[in-house]
Structures are given as C-alpha cells and as structure tokens.
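Student: Starting from these lines, generate the structure:
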Amino acid sequence: MRTHPYAEATYGIVELSGGAFGVEVKTPESYPATVSSFETEAAAEAWIARKKQRVLEQTAGNPFRKPRAKT
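Tutor: Have a look, this model is predicted:
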C-alpha cells in the first residue's frame, strides 16, 4: 500500500506581507509550498490541525479515497 502524500509532511507558520499568515508545507521529495492567506496565526494553526486530521482519516482506510459521509 502506498503512503499518503502528506503523511510525512511538516507544517510551519510564516508571516506574510501585510500582517497575514501562511502555512509552509514540506513533503519528502518535493519543494515546499505555502498555503495562504490566513488573517490570524490561530487560523493558520487551525488549518494545520484540520489537514492533519484529514490525512489521519484518509490513511485509516484507503489512503486515496475520501472518507464516507456519516449518516
């Protein structure tokens, strides 16, 4: 089974011009990418937490399939 592309990702918060924040995402064997723009550092941290949770949910079953909606 293949590993989820973001299973080994690292995340860091960076300050952008104008006082906004971004999230730098680094994955093995890939160039870093910056997700932007978040008004607050807390919003960027919340995005990281949601992203990590989605990766965990997706790797619990089929790593490249969206989890089923709960009914």
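Student: When you work out contacts or count neighbours from here on, use the C-alpha atoms and nothing else.
Tutor: Will do.
Student: center of the chain - which residue?
Tutor: Lys51 (3.8 Å; Cα atoms, centre = their mean).
Student: by contact count, what packs against the helix or strand encompassing that residue?
Tutor: Under the criterion of DSSP states H and E, Lys51 resides in helix 41-60. On a contact count with 3 or more Cα pairs under 8 Å, 6 or more residues apart in numbering; DSSP states H and E, helix 41-60 meets strand 10-15, strand 21-26.
Student: what's the closest of the ones you listed to Val35?
Tutor: For Val35, the closest of these is strand 21-26, at 5.1 Å, according to Cα to Cα.
Student: How far does the closest one sit from its chain's centre?
Tutor: 9 Å (Cα atoms, centre = their mean, to the nearest Å).
Student: which other helices and strands contact it?
Tutor: Identification of packing neighbours for strand 21-26 by 3+ Cα pairs under 8 Å, 6+ apart yields strand 10-15, strand 33-38, helix 41-60.
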